[in-house]
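Undergrad: How does the following fold in three dimensions:
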Amino acid sequence: MHRRSFLRTASAAGILPLVPAPLIAFTRLGASDARAIDAVRGDGSPVTVPASAVSELAASLRGPLLLPDSAGYDVARRVWNPGIDRKPALIAQPTGPADVRRAVAFAAAHDLLLAVKCGGHSFSGMSTCDRGMLIDLSQMRGVRVDATRKRAIVEGGTLLGQVDHETAAFGMVTPLGTVSHTGVGGLTTGGGFGRLARKYGLAVDNVTAVDIVTANGELKHADANEHSDLYWAVRGGGGNFGVVTSFEFQLHERRPDVIGGSLVFPIAKARDVLRFYAEHTPQAPDDLYLDFVMAAPPGGKDGVCILEVCYAGDQPDRDLAPLRTLGNPIRDTIKPLPYVAMQKSGDQSDQRVMTTYLKSGFTPEINGALIDAILAGFEPHPSRATAVFTQQAGGAIGRQPVGACAFPHRYAQHSLMHAVTWNVTEDGAPHLAYARKYWSTLEPLTRGFYVNEVSDESRAVLNANYRENYQRLVEIKRRHDPKNLFRLNANISPT
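TA: Residues are numbered from 1 along each chain as shown. I've put the predicted structure just below:
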């Protein structure tokens, strides 16, 4: 949704240390340095790619091709969750669609396990792989605004903050995410929740066209009239159908400022805050976006509960007044600020010491049973950070027809998430055991989940999660990726 809300809220609560590190590498493999590589196919079986093929690929790319001993390889393979420490057999860093086509065609020709990385925010590591091929889009970043048509043309590896920055210069916006260093590609193809989604719809509701490289290496333009099946499927079907090299987004005129910030309360007040949240959010105006957070830092210390606010309307005295009925918070940071600054407020440096496990599910409502379960299972711990939090949906999101695009969860009023974070050097087994046990008490009270937060769901659960749109997605997958080259995602099997 993140949607990397846990990193944002955990930092606000003083939970996570920050260690800055770059996420982009700049180097290349010379054709003379190529050698045979041992890799794996999509089904996990071993394969050796001859040196001649590696050399030919390196020579055909304008961007770098990295092997495990290449300078920059360890930076290029890095993702935001350091508990995911995978080592691809080779990494292609395209500079444009031509490079993407060659990289995809190479992976298909050798039946390689293939991962695609934009921002690297997948908590479960879907944007990397062991011994396969990684296509890293970090060198395909750029935004062009067509103010006359109210459109933004965005390269596939672009980060959200770049889009916000460029569109704001024209007094326009498109709704994208809540953390500015999230990748546009992963966020958008899964749905794309954000602070303005209740007002303008999900990111997928604002995509007017895409350019996409499919499994056969072809570059296709998809919109409502051309390759309309791909246009429909890529908006909510995740990375199942190819590598999007360009998005075209609808823009909306809006003034630069919003009213945003947080109300922080002691964790002892969590039940009152949750009850308020459950009662108020279903009737809130579309201009108001409100998240609930309950988080405890390592050490078993008392945590906090937080209401995070972004208001984009014209009547703040009326629409924000109910928040003041909760009494005096520990901290109140709500104030007017630029929307671009609000979007950056949750940004983090790379977390090299802490690893995270996250589960999520949509909620049609937050009822008494769910509130009881949230509070009953929440346990601070000496060596892990623990959090449960929501992201508000509803509003314009819910007014789209279920079949408008592949994203089917229009009934959702919130997304509920639970995350635990611990030092990467520790044994994670007890933390995972707690998280799974706690989530087992919450999951029955949810309905479906966000595909961008897929982790260890079974095939049956994945299929059912696409709901009414599943069968149509299978048919489109079969047409455009019959061998399931693009499988590291909330996967739709073609068979």
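
Undergrad: wait, is residue 482 part of a helix?
TA: No - in this structure, residue 482 is coil, not part of a helix, as judged by DSSP: H, G, I helix; E, B strand; the rest coil.

Undergrad: Around it, how many other residues sit close by?
TA: By other Cβ atoms under 10 Å, 12 other residues sit near residue 482. The C-beta positions use only the backbone N, C-alpha and C, and glycine is treated the same way.

Undergrad: who's in contact with it?
TA: Residues counted as contacts of residue 482 (Cβ atoms under 8 Å, 6 or more residues apart in numbering) are 215, 494.

Undergrad: Can you classify the nearest residue to residue 284 once chain neighbours are set aside as helix, strand or coil?
TA: Nearest residue to residue 284 in three dimensions, chain neighbours excluded: residue 290, at 6.4 Å (Cβ to Cβ, 6 or more residues apart in numbering). Three-state assignment for residue 290 (three-state DSSP): strand.

Undergrad: Mind listing what's buried along stretch 347-367?
TA: By 16 or more other Cβ atoms under 10 Å, the buried positions in stretch 347-367 come out as 348, 350-351, 354-364, 366.

Undergrad: average pLDDT for it?
TA: For stretch 347-367, mean pLDDT is 86.

Undergrad: tell me, what residue is most central in this protein?
TA: residue 187 (4.2 Å; Cα atoms, centre = their mean).

Undergrad: Tell me which strands the helix or strand hosting residue 358 pairs with, and in which orientation.
TA: In this structure, residue 358 sits in strand 354-363 according to DSSP states H and E. Neighbouring strands of strand 354-363 in its sheet, by DSSP bridges, are strand 414-423 (antiparallel).

Undergrad: quick one: average pLDDT of the partner strand?
TA: 96.

Undergrad: tell me which residues in the next helix or strand after it are buried?
TA: Next along the chain after strand 414-423, taking DSSP H and E as the criterion, comes helix 429-442. Neighbour counts over helix 429-442 (16+ other Cβ under 10 Å) mark 431, 434, 435, 438, 439, 442 as buried.

Undergrad: tell me the contacts of the spatially closest residue to the fourth one that is not a sequence neighbour?
TA: Distances taken as Cβ to Cβ, 6+ apart place residue 377 nearest to residue 438, at 4.3 Å, with adjacent residues excluded. Applying Cβ under 8 Å, 6+ apart to residue 377 gives the contacts 437, 438, 441, 442.

Undergrad: again, only this time at 10 Å
TA: By Cβ atoms under 10 Å, 6 or more residues apart in numbering, residue 377 lies in contact with 386, 388, 418, 434, 437, 438, 439, 440, 441, 442.

Undergrad: Thought residue 388 was touching the last one, still the case?
TA: Spelled out, it's residue 442. Yes - Residue 442 lies in contact with residue 388 (Cβ atoms under 10 Å); the separation is 7.8 Å.

Undergrad: Just want the angle from the helix or strand following the strand holding residue 358 to strand 414-423.
TA: Toward the C-terminus, strand 354-363 is succeeded by helix 368-377 as the next helix or strand (DSSP H and E). Here helix 368-377 runs at an angle of 10 degrees relative to strand 414-423 (axes from the mean of the first three to the mean of the last three Cα atoms, to 10 degrees).

Undergrad: For the chain, give me the ranges with low pLDDT.
TA: 1-32, 300, 349-352 (pLDDT under 70).

Undergrad: same thing but at 90, please
TA: Counting by pLDDT under 90, the chain shows low-confidence ranges at 1-35, 82-83, 123-124, 299-302, 346-354, 455-457, 495.

Undergrad: Return the list of strands paired to the helix or strand harbouring residue 245, each annotated with direction.
TA: Secondary structure from DSSP H and E places residue 245 in strand 243-250. Strand 243-250 has these partner strands in its sheet, going by DSSP bridges: strand 151-155 (antiparallel), strand 207-213 (antiparallel).

Undergrad: Let's have the ones you listed in CSV, adding distance to residue 478 and mean neighbour count.
TA: Listed next are those as CSV, based on distance: least, Cβ to Cβ, whole Å; neighbours: other Cβ atoms under 10 Å:
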stretch, distance to residue 478, mean neighbour count
strand 151-155, 29, 24
strand 207-213, 16, 23
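
Undergrad: Turn these into TSV, columns for distance to residue 165.
TA: What follows is these, written out as TSV (distance: least, Cβ to Cβ, whole Å):
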stretch	distance to residue 165
strand 151-155	11
strand 207-213	19
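
Undergrad: among those, which is nearest residue 112?
TA: strand 207-213 (15.2 Å; Cβ to Cβ).

Undergrad: and the closest one, how far from the chain's centre?
TA: Offset of strand 207-213 from its chain centre (Cα atoms, centre = their mean, to the nearest Å): 18 Å.

Undergrad: What of stretch 284-301?
TA: On Cα atoms, centre = their mean, the centre of stretch 284-301 falls 18 Å from that of its chain.

Undergrad: Now that stretch - C-alpha only, PDB.
TA: Extracted C-alpha coordinates of stretch 284-301, given in PDB (Å, rounded to 0.1, in the frame of the first residue of the first chain):
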ATOM      1  CA  ALA A 284     -15.000  10.200   6.700                       C
ATOM      2  CA  PRO A 285     -15.000  12.500   3.600                       C
ATOM      3  CA  ASP A 286     -12.900  11.500   0.600                       C
ATOM      4  CA  ASP A 287     -10.500  14.300   1.400                       C
ATOM      5  CA  LEU A 288      -9.400  12.700   4.700                       C
ATOM      6  CA  TYR A 289      -6.900   9.800   4.800                       C
ATOM      7  CA  LEU A 290      -6.400   8.300   8.300                       C
ATOM      8  CA  ASP A 291      -4.200   5.400   9.400                       C
ATOM      9  CA  PHE A 292      -4.000   3.700  12.800                       C
ATOM     10  CA  VAL A 293      -0.700   2.500  14.100                       C
ATOM     11  CA  MET A 294       0.200   0.500  17.300                       C
ATOM     12  CA  ALA A 295       3.900  -0.100  17.800                       C
ATOM     13  CA  ALA A 296       6.300  -1.200  20.500                       C
ATOM     14  CA  PRO A 297      10.100  -0.900  20.300                       C
ATOM     15  CA  PRO A 298      12.500  -3.700  21.300                       C
ATOM     16  CA  GLY A 299      13.100  -4.000  25.000                       C
ATOM     17  CA  GLY A 300       9.600  -4.600  26.100                       C
ATOM     18  CA  LYS A 301       9.000  -0.900  26.600                       C
END
